[in-house]
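K.L.:
my questions are about this predicted structure, shown below with the sequence.
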Amino acid sequence: VYDRYNGFGEEIHSLMEIFNIQIRDYKRQIGKTKAQSTYRGLVDEYKCLSCYLKDKLGTEDIPLMSLDMDFIKNYYSWMLSVRGLAKSTAFERVNTQKWLMYLAMDEGWIHKHPFKKFVCKPEYKKRPFLSEEDLQRVISVKLSYRRQQAIRDMFVFMCFSGLAHADLKELSYRNVHTDSDGNTWLVGNRVKTKAPYVVKLLPIAVELIEKYRGVNEFKDSPDRVFPVGEIGSMEDSLKRIGEKAGCSVRVSPHVGRHTFATLALSKGMPLETLQKVLGHKTIISTQVYAELINPKIGEDTDRMREKIGGMFRLANQEEGMLLRTRRISIPSAFSLRPVIRRIACSSGSFSARSRTGHSQDTVFSLRWWYRVWLLRHAASAGSFLRCAAFRTRLPPAGNVRPRWWDVSLPSPPPPIFRSFSSIRSVP
C-alpha cells in the first residue's frame with residue numbers, strides 16, 4: 001500500500017529500475033561488444049543520478065510517470081553547479097537519460113518522451129597533443145628507473161601507431177604482420193568499438209616491438225607485445241616524465257593517440273585513411289583532429305603564393321630615397337621668384353615682349369607651366385599657397401582662363417630656363 005501511495009506498483013516502473021537493467025546488460029557484454037571502461041562510465045552516471053535524487057528530492061527512486069521537463073532541467077543545473085561537472089560531461093549524462101526514456105517507450109512503460117524537447121550544448125576542449133619538439137624531448141629524456149623507461153617506450157609506440165591504452169594492452173604478436181616487401185603492419189579490432197584498424201608501422205615502432213620481444217616481465221602473457229599495466233599507474237608515470245622532459249602539455253596515455261593523428265595529418269595523410277588507421281566507425285570522429293591542425297590551408301596558400309606571390313611588391317627603397325632627395329631640392333625653386341615675377345607676373349601688356357623677348361602667348365603658357373609645376377612639387381616645401389607665382393593674378397587670354405589641371409606640361413622645358421639645373425631634373 002505504501003509503494004502504491006508513492007506511485008510504485010506491479011504495473012508502475014521507475015527510473016533507477018530501468019537504469020539497473022541496462023547496467024546488468026552492459027556487464028554481461030564486457031569483452032564482447034562493450035569495453036570495461038564503458039561499463040565503468042555507466043556505473044558512474046548511475047551513482048551521480050542516485051546522489052541527485054537523495055540530495056534534491058530526498059528519495060532513492062522516482063516513477064517514470066512522474067518525470068517531466070523540470071526534472072531534467074534541475075538535474076542538468078545541479079550537475080553544473082553542485083557537482084561541478086563540465087558541460088560536455090553533463091551533456092553526455094543528459095543524453096543517457098534520454099536514451100533510457102526511449103528504452104522505456106520501447107517497453108511500453110511510458111507513452112511520451114518527457115525529455116525530448118530539452119536541449120543543451122556541450123563545450124568540448126581541444127584535444128591536447130605533443131608537438132614534434134615535445135615528442136623529441138620525451139624520446140630523449142634520461143630516466144633512472146626501468147619501469148619508467150618501459151612506460152616511455154610504450155607511450156612513444158602509441159605516438160607512432162595511434163593505439164589507445166586498451167588496444168595496446170590487448171596487442172599480441174598475432175596482430176603483427178610482415179608483407180612480402182618487409183613492411184610491418186598492425187591489424188586488429190579496437191577494444192572499445194570493435195572497429196577494425198590497419199596500421200603500417202614506422203621504423204621506430206618496429207624497433208620498439210623487437211626491443212620487448214622475449215621480455216616477459218610485467219606482461220599479462222608471453223604472447224603480449226608490451227608489458228602494459230593499469231592505466232592509472234601509467235598516467236602517473238607519464239605525468240612525471242612529461243614534467244621532466246619540459247613538455248608544454250600534460251602527457252597522458254591518450255595524448256599519444258592524439259599526437260599520432262595530428263602528426264599524420266600534418267604530413268599529408270587524408271582523413272579517410274586516418275579513419276581506417278585509428279579505427280573510427282565514422283569520419284566525424286576523425287574530423288575533430290582536422291580542427292586541431294589543417295594542412296590543407298597551408299597547401300592551398302602555397303599554391304596561391306606561386307600564382308600571385310611576385311605580382312605585388314613594395315616600392316623600392318632607392319626610388320623612395322630619390323623622391324625624397326628631389327623633394328628636398330625643391331625649395332631652391334623659390335630662389336627663382338624674381339625670374340618668375342618678371343616673366344609670369346607681368347601686367348599682360350605687350351611691354352612684356354620688350355622686356356623678355358617673348359610674345360604674350362609664350363609668356364602666358366610659361367606662367368601656367370610654372371604654376372602647375374609649383375603646385376605639384378611645393379607640398380614637400382610647405383603650403384603651395386605661399387608660392388609667389390600661384391598667388392599672382394593672371395590676365396585672361398582670349399576671354400578664357402585655362403584651368404590648371406587642363407594645362408599640359410611642356411617637355412622639354414622652355415629654352416629660357418634650361419640654365420637652371422634644378423628645373424632640368426624635373427620630369
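P.N.:
Received the coordinates, thanks. Residues are numbered from 1 along each chain as shown.
K.L.:
residues in contact with the closest residue in space to Y46 that isn't next to it in sequence?
P.N.:
Residue nearest to Y46 in three dimensions, not counting chain neighbours: F19, with 5.5 Å by Cβ to Cβ, 6 or more residues apart in numbering. Quick note: C-beta positions are derived from backbone N, CA and C, even for glycine. Contacts for F19 were tallied using Cβ atoms under 8 Å, 6 or more residues apart in numbering; they are 46, 49, 100.
K.L.:
against V277, how distant is F19?
P.N.:
Separation of F19 from V277 (Cβ to Cβ, to the nearest Å): 36 Å.
K.L.:
now do the SS call for S221.
P.N.:
The local conformation at S221, judged by DSSP: H, G, I helix; E, B strand; the rest coil, is coil.
K.L.:
now the residue nearest to it when sequence neighbours are not counted: phi and psi?
P.N.:
Of all residues not flanking S221 in the chain, S172 sits nearest, at 7.9 Å (Cβ to Cβ, 6+ apart). Here is the backbone geometry of S172 (degrees, to the nearest 10): phi -130, psi 170.
K.L.:
so what sits opposite S172 in the bridge?
P.N.:
Taking DSSP bridges as the rule, S172 bridges to R224.
K.L.:
show me what counts as buried in stretch 36-53.
P.N.:
38-39, 42, 45-46, 48-49, 52-53 (16 or more other Cβ atoms under 10 Å).
K.L.:
what's near enough to touch P253?
P.N.:
155, 158, 164-165, 231, 234-235, 238.
K.L.:
flag whichever of those scores worst on pLDDT.
P.N.:
Lowest pLDDT of these: I231, 89.
K.L.:
before we move on, back to that, among the contacts of P253, which one has the most neighbours?
P.N.:
Sorting those by how many neighbours each has (other Cβ atoms under 10 Å) puts F155 first, at 26 neighbours.
K.L.:
so what touches the helix or strand hosting that one?
P.N.:
In the assignment (DSSP states H and E), F155 maps to helix 146-159. Contacts with helix 146-159, where a contact means Cβ under 8 Å, 6+ apart, come from 130, 135, 138-139, 141, 143, 163-165, 168, 204-205, 208-209, 211-212, 218, 226-228, 234, 237-238, 240-241, 251, 253, 256-257, 259-260, 263.
K.L.:
please apply the same query to stretch 87-102.
P.N.:
In contact with stretch 87-102 (Cβ under 8 Å, 6+ apart) are residues 15, 18-19, 22, 42, 45, 48-49, 64, 67, 72, 75-76, 79-80, 85, 110, 113-116, 118, 120-125.
K.L.:
buried subset of those, written for PyMOL?
P.N.:
Command for PyMOL, covering only those of the contacts of stretch 87-102 found buried under the criterion 16+ other Cβ under 10 Å:
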select buried, resi 15+18+19+42+45+48+49+64+67+72+75+76+79+85+110+114+115+118
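K.L.:
which ones among the contacts of stretch 87-102 are found in helices?
P.N.:
The helices, defined by DSSP state H, take in 15, 18-19, 22, 42, 45, 48-49, 72, 75-76, 79-80 from the contacts of stretch 87-102.
K.L.:
save these as JSON lines, and put in pLDDT and distance to E92 too.
P.N.:
Shown next, in JSON lines, are those (pLDDT from 0 to 100; distance: Cβ to Cβ, whole Å):
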{"residue": "L15", "pLDDT": "95", "distance to E92": "17"}
{"residue": "I18", "pLDDT": "95", "distance to E92": "18"}
{"residue": "F19", "pLDDT": "96", "distance to E92": "15"}
{"residue": "Q22", "pLDDT": "95", "distance to E92": "15"}
{"residue": "L42", "pLDDT": "95", "distance to E92": "11"}
{"residue": "E45", "pLDDT": "96", "distance to E92": "8"}
{"residue": "C48", "pLDDT": "96", "distance to E92": "11"}
{"residue": "L49", "pLDDT": "96", "distance to E92": "13"}
{"residue": "I72", "pLDDT": "96", "distance to E92": "14"}
{"residue": "Y75", "pLDDT": "97", "distance to E92": "13"}
{"residue": "Y76", "pLDDT": "96", "distance to E92": "11"}
{"residue": "M79", "pLDDT": "96", "distance to E92": "10"}
{"residue": "L80", "pLDDT": "95", "distance to E92": "13"}
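K.L.:
which one of these is nearest I283?
P.N.:
L42 (26.3 Å; Cβ to Cβ).
K.L.:
shouldn't the closest one be in contact with Q22?
P.N.:
Yes. Taking contacts as Cβ atoms under 8 Å, L42 lies within contact range of Q22: 7.0 Å.
K.L.:
just to revisit the earlier point, in TSV: the ones in helices among the contacts of stretch 87-102, plus distance to D300.
P.N.:
Listed next are the ones in helices among the contacts of stretch 87-102 as TSV, based on distance: Cβ to Cβ, whole Å:
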residue	distance to D300
L15	52
I18	51
F19	50
Q22	47
L42	44
E45	43
C48	46
L49	48
I72	45
Y75	46
Y76	41
M79	42
L80	40
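K.L.:
one step back: S285: which of the contacts of P253 is nearest?
P.N.:
Among the contacts of P253, and counting by Cβ to Cβ, the member closest to S285 is A164, at 12.4 Å.
K.L.:
which non-adjacent residue is nearest the closest one?
P.N.:
A164's closest residue in space is R257 (Cβ to Cβ, 6+ apart), at 5.5 Å.
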